[in-house]
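Visitor: Take this sequence and fold it.
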Amino acid sequence: MANEEKIEIVEDGPYLISGLLSLDEQTVVYDENGVPEGWQKTTDYPENKHYALCRCGKSKNKPFCDGSHIDSDFDGKETANRDKFADKVEKIEGPELIVDDVSEYCIGAGFCHRDGGVWNLVEESSDKKSKETAIKECTNCPSGRLVARDAKTGKIIDENLKPEISLIEHPEKNQSGPIWVKGGIAITSADGKEYEKRTRVTLCRCGKSANKPFCDGTHLETGFNAEN
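Guide: Next comes the predicted model:
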């Protein structure tokens, strides 16, 4: 289909986006204690049926690719484990909630640390406020590391995210985060194999992740800033 929404990864090159997927910038909002509590859209990019997003972190035209991966000899080898999410889950179980946790997807966004942390809140999920906070922490987790489910029915509790792409920014840290892919968009590796479709995933755009194509939080260590 001509308008199929998809992301194709070029070997040692960019992400090729097609299907008129909207692109915006989402900024982390912090509470009075400096803990992430939500998101704010700060930039909308013009709609385009096809565009290429930088994967090496070297483009002078970020977030778009300008060919810098060629001059920088970027090694974009995809090393991520291809096992399905369900096969890697560690369960956090409480009276009202179960949270599926796959720690390898952690990008250090910090939403899971509010009010004692999601792990403690799940155990206290018979309390309405604790349950609501735990669910919010999970649905704010951009990488999809944490997935909340109803303890009785097993049904996933998640926002109905439409297919779109966001660029994560941490202004208080003067850092840029990964590419946030929402709504189960198809992602095809450079070898032609499709990754598992998930509601929320984050793709590396600093070029340094050891879990490519996914973000592993390395941008926090290197101080990656898309303005540079």
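Visitor: quick one: the residue lying closest to residue 74 once chain neighbours are set aside from residue 72, how far?
Guide: In this structure, residue 74 finds its nearest non-sequential neighbour in residue 56, 3.8 Å apart by C-beta to C-beta, 6 or more residues apart in numbering. Placement of C-beta: from N, CA and C, glycine included. Residue 56 sits at a distance of 6 Å from residue 72 (criterion: C-beta to C-beta, to the nearest Å).
Visitor: neighbour-wise, which of these two wins?
Guide: Of the pair residue 56 and residue 72, residue 56 is the one with more neighbours under other C-beta atoms under 10 Å, namely 24 against 14.
Visitor: quick one: the lengthiest helix in the chain to chain centroid distance?
Guide: Of all the segments assigned as helix in the chain under DSSP state H, the longest by residue count is helix 128-140. Its chain's average C-alpha position is 18 Å from that of helix 128-140, according to C-alpha atoms, centre = their mean, to the nearest Å.
Visitor: show me what contacts the residue nearest the centre of the chain?
Guide: Of all residues in the chain, the one closest to the mean position by C-alpha atoms, centre = their mean is residue 202, 2.5 Å from it. For residue 202, the contact set (C-beta atoms under 8 Å, 6 or more residues apart in numbering) comprises 105, 107, 142-144, 168, 177-181, 214-215.
Visitor: Just give the nearest non-adjacent residue to residue 31, would you?
Guide: The spatially closest residue to residue 31, leaving aside those adjacent along the chain, is residue 37, at 4.5 Å (C-beta to C-beta, 6+ apart).
Visitor: no no, residue 102
Guide: For residue 102, the closest residue by C-beta to C-beta, 6+ apart turns out to be residue 88, at 4.8 Å.
Visitor: same question, residue 182
Guide: Leaving out its chain neighbours, the residue that sits closest to residue 182 by C-beta to C-beta, 6+ apart is residue 161, at 4.2 Å.
Visitor: circling back to that earlier point, name the SS class of the residue nearest to the centre of the chain, please.
Guide: At residue 202, secondary structure determined by DSSP: H, G, I helix; E, B strand; the rest coil is strand.
Visitor: Repeat that for residue 74.
Guide: coil.
Visitor: Number the chain from 41, please
Guide: In the new numbering, first residue 41, that becomes residue 114.
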